[in-house]
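> what would the 3D arrangement of this be:
(one chain, ligands or ions: 1)
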Amino acid sequence: KHRFYSIYNLPPGDLGIPVIGQTFSLLHSLRRNTDDQWFRTRIKKYGLVSKMSVLGSPTVLLAGPAANHFIFTNDSLALTQTRALRSLLGRSILTMNGDDLKQMRSALQGYLRPEMVRRYVGKMDEEVRRQIKLNWVVCETVSVLPMARRLTLAVICSVVFGQEAGTIIEALAADFQLLGDAILSFPVNIPFTRFGRGMRSSAKIRKAIKRIAQEKDELVLQERHDVASFPDFITYMLILRSQGAHSLTLEDIVDNVMGIIIGAHGTTSTLITFMIRHLTNEPDVLAKITEEQDEIADNKGTGDVLTLEDVSRMKYTWKAAMETLRIVPPVFGSFRTAAKDIKYQGYDIPKGWKVFAAQSITHLDSRFFNDPTKFDPTRFDNRSSIPPYSFLPFGGGPRMCPGTEFARVETMVAMHYLVTQFRWKLCFKEETYKKDPKLTPVFGLPVELEWRRPPSAADAWNALYIHSG
Ligand code: HEM
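Have a look, this model is predicted:
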């Protein structure tokens with residue numbers, strides 16, 4: 001292998017012990033949330049382009065805006081997912097390439113386009129309020145991360161499944177969690193391992209979604225639905241298929257539904273959790289957000305749902321969300337595979353090698369963000385002052401996140417109700433964090449709640465009744 005590679009001008013660095021390389025050291029740093037330091041040490045030693053070996057593959061580590069531009073726009077770099085993710089999610093948008101990917105992306109982008117998002121703001125609003133009534137109203141202390149996960153799972157399921165969402169969440173919320181947890185695990189299917197549990201949950205979820213998809217398909221075949229009627233996402237995909245707009249099978253649709261739910265809820269719940277975490281330390285930012293949100297709330301009648309116009313007025317809140325995404329990007333980097341030999345900054349990247357760009361490093365680089373560890377939403381007052389390809393929480397290029405608008409609206413709706421109804425205080429001043437692979441507070445970020453706008457007596461009784469079983 002070494003003789004073979006000698007024909008290339010490879011980047012500096014070392015591939016470590018065969019097969020193992022730097023895998024354990026990197027995974028260890030991720031689990032201890034010291035990966036930023038780990039990457040920085042390598043960058044200091046070898047520069048912005050270096051080679052290493054992780055998860056059994058020689059990998060080129062890149063950092064900086066030029067690297068982000070390269071990784072997101074180069075046609076010869078294919079999106080790479082871990083073997084675990086491919087086994088868990090089958091043929092979903094997260095693992096597809098070629099024509100199938102084009103068809104799936106185009107259908108999903110059609111469903112997530114802003115005019116459509118406008119139509120489900122009301123649905124998101126209802127779901128967020130329901131979750132708050134169920135899980136926050138009667139509690140003095142809540143763990144933010146599990147509650148945010150529950151909330152974002154409920155929102156995406158209401159859009160994907162429509163009426164069947166409640167049943168799916170009741171039956172499968174724990175399985176979605178196990179499936180999400182298994183994505184960065186070692187892919188050996190042994191019971192009681194993370195991966196083994198993830199595979200069992202994946203089979204259970206797939207079976208439940210397939211049954212629902214078959215029932216919906218029958219209704220579509222009886223022409224009891226059409227796209228204009230604003231159907232749930234599964235029905236929408238089945239209608240497009242019946243009209244010949246794509247050639248994905250029912251099984252493909254089922255796998256894609258799983259992929260979209262996993263892509264949507266873990267990321268958005270991380271954003272909501274860390275926004276709350278940062279706001280506990282930033283009273284001035286929280287005061288400005290509260291002012292903005294109170295003004296919107298005061299202009300609405302009791303029970304009125306938020307509209308897209310209301311969300312568009314949450315300008316400062318969205319800047320605080322972007323600042324959270326800058327400091328804590330839920331997806332901290334992007335993996336690609338070289339489909340052929342390519343060059344970057346004079347170095348060769350041989351065909352089959354992996355390329356990893358760590359956007360989290362660029363987000364905290366003082367050359368692009370002044371005083372980078374400071375939480376300062378006003379740095380987004382003038383977006384054009386942020387250099388291109390230096391702020392990429394949603395990725396870029398042809399594989400850019402199709403759920404950006406959905407995530408923005410969902411986060412703003414959730415923050416509206418959390419900020420207008422509660423004040424929160426961290427139970428632990430110093431919580432430990434791990435990357436798993438998303439940044440996760442080890443104890444789930446427990447906070448003490450205080451009411452700003454107490455719930456109606458009926459809501460409080462309802463929640464108490466449900467919680468007391
Ligand atoms: C704060 C929330 C979110 C963040 C930070 C986020 C971030 C990202 C990033 C960085 C990628 C690209 C990864 C790469 O190129 O390597 C991505 C892809 C993707 N995201 Fe999101 N996302 C979020 C919310 C959502 C939502 C709400 C949905 C669905 C409704 C969604 C669906 C997807 C899908 C399907 C892909 C794969 C696209 C493809 O491979 O072509 N995401 N996301």
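
> what are the ranges of the strands in the stretch 251-400 of the chain?
334-338, 342-344, 347-349, 354-357 (DSSP state E, counting those that start in this stretch).

> same list, these, but as JSON lines with mean neighbour count please.
(C-beta placed from N, C-alpha, C; glycine too.) Output for the strands of the stretch 251-400 of the chain, formatted as JSON lines (neighbours: other C-beta atoms under 10 Å):
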{"stretch": "strand 334-338", "mean neighbour count": "21"}
{"stretch": "strand 342-344", "mean neighbour count": "16"}
{"stretch": "strand 347-349", "mean neighbour count": "21"}
{"stretch": "strand 354-357", "mean neighbour count": "23"}
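
> will you turn these into CSV that also has mean pLDDT?
Output for those, formatted as CSV (pLDDT from 0 to 100):
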stretch, mean pLDDT
strand 334-338, 93
strand 342-344, 96
strand 347-349, 97
strand 354-357, 95
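
> figure out which of these is closest to residue 16.
strand 354-357 (14.3 Å; C-beta to C-beta).

> each with direction, which strands does that closest one pair with?
Take DSSP bridges as the rule and strand 354-357 pairs in its sheet with strand 57-62 (parallel), strand 334-338 (antiparallel).

> give me every residue that touches residue 154.
By C-beta atoms under 8 Å, 6 or more residues apart in numbering, residue 154 lies in contact with 127, 130-131, 165, 169.

> make sure residue 440 is indeed in a strand.
Yes. Assessed with DSSP: H, G, I helix; E, B strand; the rest coil, residue 440 lies in a strand.

> does the closest residue to it other than its chain neighbours sit in a helix, a strand or a coil?
Nearest residue to residue 440, sequence neighbours excluded (C-beta to C-beta, 6 or more residues apart in numbering): residue 434, at 5.6 Å. Counting by three-state DSSP, the backbone at residue 434 sits in strand.

> what is the neighbour count of residue 434?
16 (other C-beta atoms under 10 Å).

> setting the sequence-adjacent residues aside, check what's closest to the residue of the chain found nearest the ligand.
Of all residues in the chain, the one sitting closest to the ligand is residue 403 (2.2 Å; C-beta to the nearest ligand atom). Distances taken as C-beta to C-beta, 6+ apart put residue 264 closest to residue 403, at 5.5 Å, once the chain neighbours are dropped.

> check contacts around that neighbour.
Residue 264 sits next to 152, 156, 403, 406-407 when contact means C-beta under 8 Å, 6+ apart.

> any chance of the residues you listed in TSV, plus neighbour count and secondary structure?
Listed next are those as TSV, based on neighbours: other C-beta atoms under 10 Å; DSSP: H, G, I helix; E, B strand; the rest coil:
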residue	neighbour count	secondary structure
152	29	helix
156	25	helix
403	20	coil
406	23	helix
407	23	helix
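
> any chance of these in a markdown table, with pLDDT too?
Output for those, formatted as a markdown table (pLDDT from 0 to 100):
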| residue | pLDDT |
| --- | --- |
| 152 | 96 |
| 156 | 96 |
| 403 | 96 |
| 406 | 96 |
| 407 | 97 |
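
> select the longest helix from this protein.
Criterion DSSP state H: the longest helix present in the chain is helix 250-281.

> mind listing what's buried in that helix?
250, 252-280 (16 or more other C-beta atoms under 10 Å).

> any residue of that helix up close to the ligand?
Yes. For helix 250-281, a contact with the ligand is found by C-beta under 6 Å from any ligand atom, at 260, 263-264, 267-268, 271.

> the ligand contacts on the stretch 1-150 of the chain?
By C-beta under 6 Å from any ligand atom, the part of the stretch 1-150 of the chain that sits against the ligand consists of 79, 93-94, 105, 112.

> filter those down to the buried ones, PyMOL style.
Listed next is the PyMOL selection for buried residues among those, using 16+ other C-beta under 10 Å:
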select buried, resi 79+93+94+105+112
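
> looking at the residues of the stretch 1-150 of the chain next to the ligand, which are in strands?
Members of those lying in strands (criterion: DSSP state E): residue 79.

> just send the residues of the stretch 1-150 of the chain next to the ligand back as TSV, with pLDDT too.
Formatted as TSV, those follow (pLDDT from 0 to 100):
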residue	pLDDT
79	90
93	92
94	89
105	95
112	93
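
> can you tell me which of the residues of the stretch 1-150 of the chain next to the ligand is closest to residue 199?
Proximity of those to residue 199 (C-beta to C-beta) peaks at residue 94, which lies at 16.4 Å.

> now tabulate the strands of the stretch 251-400 of the chain in TSV and tack on distance to residue 199.
Listed next are the strands of the stretch 251-400 of the chain as TSV, based on distance: least, C-beta to C-beta, whole Å:
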stretch	distance to residue 199
strand 334-338	21
strand 342-344	34
strand 347-349	33
strand 354-357	24
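
> ok so, going back, now, of the contacts of residue 154, which are buried?
By neighbour count, with 16+ other C-beta under 10 Å, these hold 127, 131, 165, 169 as buried.

> and those, which of them are in strands?
Nothing among the buried ones among the contacts of residue 154 maps onto strands, per DSSP E.

> in those residues, find the pair that's most separated.
Pairwise distances across the buried ones among the contacts of residue 154 peak at 11.9 Å for 131 and 165 (criterion: C-beta to C-beta).

> between the strands of the stretch 251-400 of the chain, which one is closest to residue 38.
Taking those one by one with C-beta to C-beta, strand 354-357 is closest: 12.3 Å.

> which members of the buried ones among the contacts of residue 154 occur in helices, if any?
Short answer: those in helices (DSSP H) are 127, 131, 165, 169.

> residue 16: which of those is nearest?
Checking those against residue 16 by C-beta to C-beta gives residue 169 as the nearest, at 43.5 Å.

> roughly how far does the residue nearest to the spatial centre of the chain sit from residue 98?
The centroid of the chain falls nearest to residue 267 when counting by C-alpha atoms, centre = their mean (2.2 Å). Remark: distance between residue 267 and residue 98 (C-beta to C-beta, to the nearest Å) = 25 Å.

> ditto for residue 33
37 Å.

> so which residues on the stretch 351-469 of the chain come close to the ligand?
Selection of the stretch 351-469 of the chain residues close to the ligand by C-beta under 6 Å from any ligand atom yields 393-395, 399, 401-403, 406-407.

> and those, which is closest to residue 327?
Using C-beta to C-beta, these come closest to residue 327 at residue 393, 10.1 Å.

> the closest one: what's it in contact with?
Per C-beta under 8 Å, 6+ apart, neighbours of residue 393: 322, 325-326, 329-331, 359, 363.

> for these, give me CSV that also has pLDDT.
Compiled in CSV, the contacts of residue 393 are given as follows (pLDDT from 0 to 100):
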residue, pLDDT
322, 98
325, 98
326, 97
329, 94
330, 94
331, 92
359, 91
363, 96
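
> who wins for neighbours among these?
Ranking these using other C-beta under 10 Å puts residue 359 first, with 28 neighbours.

> find the nearest non-adjacent residue to it, please.
Closest to residue 359 by C-beta to C-beta, 6+ apart is residue 392, at 5.0 Å.

> give me the number of residues near the one you found?
By other C-beta under 10 Å, 25 other residues sit near residue 392.

> ok, it touching residue 68?
Yes. Applying C-beta atoms under 8 Å, one finds residue 392 in contact with residue 68, separated by 5.6 Å.

> need the overlap of contacts for those two.
By C-beta under 8 Å, 6+ apart, the residues touching both residue 392 and residue 68 are 359, 362.
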